[in-house]
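Peer 1: this one's structure only:
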């Protein structure tokens, strides 16, 4: 079967080669020009560009360069014509006019590429255009690469594809390490974190997230820790840095907003790279003094520096890649690098200029201005063409554009010799059930989608949280009243058979200031809730229940908890909830269950409300409840446990442990006792599954207690002082993401979050 598929693929590629060769000189020239958008700095023969004296670095104010600022104003004036365009409609239009718009689909079909995204195609193009892989490394048969700001991992998979399908690299041993903002860290979120974990979930040991587990490469300690992390590599041959922020709400200042990130990425590369190594840095417009200084420094450190706009990078955006080859001055740059590291951080480019203009040669400035003018002309021309075509496109124009797009596909496949790679040679070789396959269909793989026009989004920012919810796509769900069957039918079947308790380990990190992100909840709902909580300063113990919402019926819950077939003996049901809510139902179930009540975990304190279930005191109490249950229940018994939410890895892991110890888990939201959260219904206890977990959970609870310190009195606003740490994880993410746990938690947390927003809206209405 694989042989016939391969034959058909070769036939398709041959047909493509024969039919799509550009037939006219104009089309051929346009296709070739698309792949040649590059400017390489030419160092003067009679004047050596030298690294400036470190004593002048970071001491002088930044300066504006008149011609470059004129280019910036000109570009922004053109981009401002897009402010009234619906971004989704505009993107659909520019996708249809993008000359390289068909390349991704063609590469997926012809090459079977892993994580074949636009980033994959861009980096493969860079690999095919420049001698990025040092010849010395290839001759020695060992190549090592470090990838900064890499999520979701397309540069890594593109390099893997290139290494395994090219004759010169096929037998070279390749090692890699990657860094990115940790998509599982609850304090990461918003416009900076990419949650697409398709590669990360299956290759976690290769990812560096630092001692605080955030993955923030802009922290000095992380940079130095990363140097230690890669110290087992004999040499570092390639560093890539593909970082950026979502600047769609302030596009005019994109370059300035990301300048400090670019400085940190460059400093990391200069620290990590071995002599002869290569560096690829994504940048944007190069008009600011910070960009001039950075590019000058790179030209002083590398034998060759080029600014490249890949054909597969959308021509209307400002993105370019700085490709630096043959790192040759590691010792010479060390004094300046030491100063950069001392000042390293998220404001590295915001304080003072890296260099004063007086130390930057005119020969460099002239070349820099020329390349800025070149890329400015290309971008302005593309935006202008797209605006013109947006008004209407003739059939003849569409046909010619489609022909060019087909020719670009042909040129890409031929120029870069894109070959088929079997799935067995992907980095994520687990083709049957990779960890990330358990992610619910509703979970987004990437940045949040922008909607409306820029002007409409800016207007939305000025609305109150209530008005924003009213305009959101979740409005109907949030405004609808709860019914008794919320959660009915969402069941996690157990006990889970594959639990590798011996491989579990505790991960600690800086204390969470807030839970802004969770792989176990809809991010849009969580963002709405956090916005509402910041405004409302809620104490959940005082929130009035909604009179129109219907809580789950206690009698039906107890009937379900006691309804295991084939059991004639009375079973215990341990209830962590208010006794009053269960009194009437308990009497009617006396023949089936023996109810035992215990104190439920307390609500997170008011000062920690944005932590949700991430408050350490709450987590400690929740673990205490679970430990008590696992120690006292007998085979077949049931557990009813009220939870505030399960957004964090610690609370999710706690539910995971219950999943491993009970025949089934379901939930009801809101809980019968009223208030907020959900009631976990755990039925059919299995003592033999619980036994190995008891010492682990006890150790986790002790770790939390030690980090809390003085106990409850130290919680609240003062708990996040410098140096504070908390337990962030104790079950590996690889286990949490497998099976049905993620989908179960996603559903439950979304229901809880909707309920909380519903109550906040009700409070606001009174």
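Peer 2: All right, it came through fine. Not measured: the values here are computed from a predicted model.
Peer 1: ok, for the residue nearest to the spatial centre of the chain, nearest residue in space, not its chain neighbours?
Peer 2: Taking Cα atoms, centre = their mean, the centroid of the chain lies closest to residue 194, which sits 2.0 Å from it. In space, and not counting its chain neighbours, residue 194 is closest to residue 151: 4.1 Å by Cβ to Cβ, 6 or more residues apart in numbering. In this view, the C-beta of every residue, glycine as well, is placed from N, C-alpha and C.
Peer 1: can you pull the contacts of the one you found?
Peer 2: 180, 181, 183, 193, 194, 196, 197, 200 (Cβ atoms under 8 Å, 6 or more residues apart in numbering).
Peer 1: just the pLDDT for residue 91.
Peer 2: Looking at residue 91, its pLDDT stands at 89.
Peer 1: before we move on, what about residue 381?
Peer 2: In this model, residue 381 is scored at 96, pLDDT.
Peer 1: what separates it from residue 78, distance-wise?
Peer 2: As judged by Cβ to Cβ, to the nearest Å, residue 381 and residue 78 stand 10 Å apart.
Peer 1: swap in residue 310?
Peer 2: From residue 310 to residue 78 the distance is 22 Å (Cβ to Cβ).
Peer 1: repeat that for residue 737.
Peer 2: Noted for residue 737: a distance of 44 Å to residue 78, by Cβ to Cβ.
Peer 1: the two - which one has more neighbours?
Peer 2: residue 737 (24 against 17; other Cβ atoms under 10 Å).
Peer 1: wait, doesn't the more buried one sit right on residue 201?
Peer 2: Yes: counting by Cβ atoms under 8 Å, residue 201 is a contact partner of residue 737 at 5.3 Å.
Peer 1: who does residue 492 form a beta bridge with?
Peer 2: residue 665 (DSSP bridges).
Peer 1: need the per-residue pLDDT for it.
Peer 2: Looking at residue 492, its pLDDT reads 90.
Peer 1: tell me the mean pLDDT for stretch 43-50?
Peer 2: For stretch 43-50, mean pLDDT rounds to 85.
Peer 1: and it, how far apart are its ends?
Peer 2: 11 Å (Cα to Cα, to the nearest Å).
Peer 1: neighbouring contacts of that stretch?
Peer 2: Outside stretch 43-50, the residues that touch it by Cβ under 8 Å, 6+ apart are 296, 299, 300, 361, 363, 364.
Peer 1: OK, contacts around the first one?
Peer 2: By Cβ under 8 Å, 6+ apart, the contact set of residue 296 is 49, 355, 360, 364, 368.
Peer 1: how does it look with 6 Å?
Peer 2: Residues near residue 296 by Cβ atoms under 6 Å, 6 or more residues apart in numbering: 360, 364.
Peer 1: residue 660 now?
Peer 2: Applying Cβ under 6 Å, 6+ apart, one finds that residue 660 lies in contact with 495, 496, 499, 689.
Peer 1: let's see that with 8 Å instead.
Peer 2: Taking Cβ under 8 Å, 6+ apart, we find residue 660 in contact with 494, 495, 496, 499, 689, 690, 693.
Peer 1: want to throw the residues you listed into TSV with distance to residue 728, secondary structure and neighbour count?
Peer 2: Converted to TSV, these look like this (distance: Cβ to Cβ, whole Å; DSSP: H, G, I helix; E, B strand; the rest coil; neighbours: other Cβ atoms under 10 Å):
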residue	distance to residue 728	secondary structure	neighbour count
494	25	coil	22
495	26	coil	19
496	22	coil	20
499	20	coil	19
689	25	helix	19
690	24	helix	22
693	19	helix	22
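Peer 1: which of these sits closest to residue 617?
Peer 2: Of all the contacts of residue 660, residue 693 has the smallest distance to residue 617: 21.9 Å, by Cβ to Cβ.
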